[in-house]
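Engineer: Need the 3D shape of this:
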Amino acid sequence: MKKTIRLFFTALLITLFSGCHNEVFYNIMNDVPPEKTTVSGVINSIARYKVGSTEFLVLAADGGLRYKKAEDYSHTTWKKYSNLPFELHNYEYYGSGHKGQQIIKVLADQDTLYIISVKYKSDELIGTSAPEKFYIWAKTIELNSDSSWKKDGSWTEITGTRSDGSELLQFYKSNDYYYTRFNVFSTNSPNPSHRRVFIKSKSSSDTEYYELNNGTLNSINMTASDGSDNKDIDGAAYIGNTIYFFDSSAVCSNETKSSNGTIIYFGKEKSSGLFYFDGSSASEQVLSAGEHISCLAVTKDYLLIGRARKEKSTTTSGGVVKCAIEADGKPESSLSSFSNNAQTQLSSSYLIYTLLNVDPSQNEKDSALYSSIGFKGTGTSTSVNFNNIGLWSYYPSRGNWNRE
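Structural biologist: Below you'll find the predicted structure:
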């Protein structure tokens, strides 16, 4: 009997050791030397924006507004655009306190670039910073001969009120936390003619929707296309030349620059379920991503799924997974393994804020891919690093995910 117990524990130790060894070995084999960090900070969106005949990617990060040519598959080509309608946010501890505005999101329609910003104040009651006012700014960018952005011209502040006369961009305080009652979202389509920007504006009693069309604010009606009665819309995408709306910010279609979309992939708020819509009806849940779906990016052969737990917590749970796409565009019902280091670099220890494929007509291994990540808490865990907060990229010539 004693011999049997001893052999059992020996076998158990070997199994545990082998499992740990394989996991550590896998992570070491899939780790790569880090590239020089060039784009850092919490990045909530990556906008496609066309100026003349040149396609750009635009975002807000360290240094304010950042842009690069979409065709530049190198992380050293990001530029800073200094012609902003406000001073970038900073804090004078022994002076006037909060100064300037922080850019929290960047979006674009066919011709106009939009930045959403916030001005802060000090909440003396709880001793923290608090939002004072949110803004939407619009500008049509022009190019210099070297394809850099001209720094002349002014931005227009988008102003307006709801039908009841109240603020368009509302926020409120509850249990010492501040929450917004609005969202600004876009289709961010590879096809510039399908790029549209919308505002969801809520009050304590109802929700109204508006479209920003080349800097003009127009009231519109929206209904969710996922078969539910939920009218809390946060995402939109095209099938053919028809736009559809969803109660999720994790929405994308298989549209490319040169071909219309035939199917839309979407998640649901605070859900791990992946669904699709074919223009007539929404599917049942195709698969579980294992965690709340926060963003999606489509390639010709795979759908990349970003995850981020949205419930209040001091810990982080996220990461990236993927599933194969069938010939008819429908996602397969099980997750696939990565052949690159995506799950090592964009691990479950990080929240995935954004995913973008520059050219969705390409297979995953041939695509230029971007993702922004972050985490909750103080960063004392050995599984996270403040230096990793920011933009990551995958380039075909490099064959791996690395710091942007």
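
Engineer: Identify the residues contacting residue 110.
Structural biologist: Residue 110 makes contact with 50, 192, 193, 195, 214, according to CB atoms under 8 Å, 6 or more residues apart in numbering. For every residue, glycine as well, the C-beta is placed using N, CA and C.

Engineer: gap between the fourth one and residue 267?
Structural biologist: It refers to residue 195. Distance of residue 195 to residue 267, computed by CB to CB, to the nearest Å: 22 Å.

Engineer: the more surrounded of these two?
Structural biologist: Shown here are residue 195 and residue 267; by other CB atoms under 10 Å, residue 267 has more neighbours (27 against 22).

Engineer: Most neighbours among the contacts of residue 110, please name it.
Structural biologist: residue 195 (22 neighbours).

Engineer: Now for that residue: which residues touch it?
Structural biologist: 48, 108, 109, 110, 186, 187, 188, 189.

Engineer: can you check residue 178 too?
Structural biologist: With CB under 8 Å, 6+ apart, residue 178 has these contacts: 130, 131, 171, 172.

Engineer: Also residue 207?
Structural biologist: 200, 201, 231, 232.

Engineer: change it to 7 Å
Structural biologist: Residue 207 makes contact with 200, 231, 232, according to CB atoms under 7 Å, 6 or more residues apart in numbering.

Engineer: Repeat that for residue 117.
Structural biologist: Applying CB under 7 Å, 6+ apart to residue 117 gives the contacts 86, 101, 102, 103, 104, 135, 137.

Engineer: among those residues, which are in strands?
Structural biologist: Counting by DSSP state E, the contacts of residue 117 place 101, 102, 103, 104, 135, 137 in strands.

Engineer: Looking at these, spot the one nearest residue 77.
Structural biologist: residue 103 (20.2 Å; CB to CB).

Engineer: give me the element the closest residue to that closest one other than its chain neighbours is part of.
Structural biologist: Distance criterion CB to CB, 6 or more residues apart in numbering; nearest residue to residue 103, sequence neighbours excluded, is residue 60 at 3.7 Å. Using DSSP states H and E, the element containing residue 60 is strand 54-61.

Engineer: Give the buried residues for the helix or strand just after that strand.
Structural biologist: Later in the chain than strand 54-61, the nearest helix or strand by DSSP H and E is strand 64-69. Buried residues in strand 64-69, counted by 16 or more other CB atoms under 10 Å: 64, 65, 66, 67, 68, 69.

Engineer: picking up where we left off before, can I get the contacts of residue 110 in a markdown table including secondary structure and pLDDT?
Structural biologist: Output for the contacts of residue 110, formatted as a markdown table (DSSP: H, G, I helix; E, B strand; the rest coil; pLDDT from 0 to 100):
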| residue | secondary structure | pLDDT |
| --- | --- | --- |
| 50 | strand | 98 |
| 192 | helix | 97 |
| 193 | helix | 97 |
| 195 | coil | 98 |
| 214 | coil | 87 |
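
Engineer: how about the spatially most central residue of the chain, what does it touch?
Structural biologist: By CA atoms, centre = their mean, the chain has its centre lying nearest to residue 354, at 2.3 Å. By CB under 7 Å, 6+ apart, the residues touching residue 354 are 43, 45, 46, 295, 371, 372.

Engineer: The same query, at a cut-off of 6 Å, please.
Structural biologist: Residues near residue 354 by CB atoms under 6 Å, 6 or more residues apart in numbering: 46, 295, 372.

Engineer: Quick check: it is in a strand.
Structural biologist: Yes - counting by DSSP: H, G, I helix; E, B strand; the rest coil, residue 354 is located in a strand.

Engineer: Could you check how far it is from residue 199?
Structural biologist: Taken as CB to CB, the span from residue 354 to residue 199 is 19 Å.

Engineer: Give me the sheet partners of the helix or strand encompassing residue 265 and which way each runs.
Structural biologist: Assigned by DSSP H and E, residue 265 belongs to strand 264-266. According to DSSP bridges, strand 264-266 forms sheet pairs with strand 251-253 (antiparallel), strand 273-277 (antiparallel).

Engineer: Those into a markdown table, with extra columns for mean pLDDT?
Structural biologist: Below are the strands paired with strand 264-266 laid out as a markdown table (pLDDT from 0 to 100):
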| stretch | mean pLDDT |
| --- | --- |
| strand 251-253 | 98 |
| strand 273-277 | 97 |
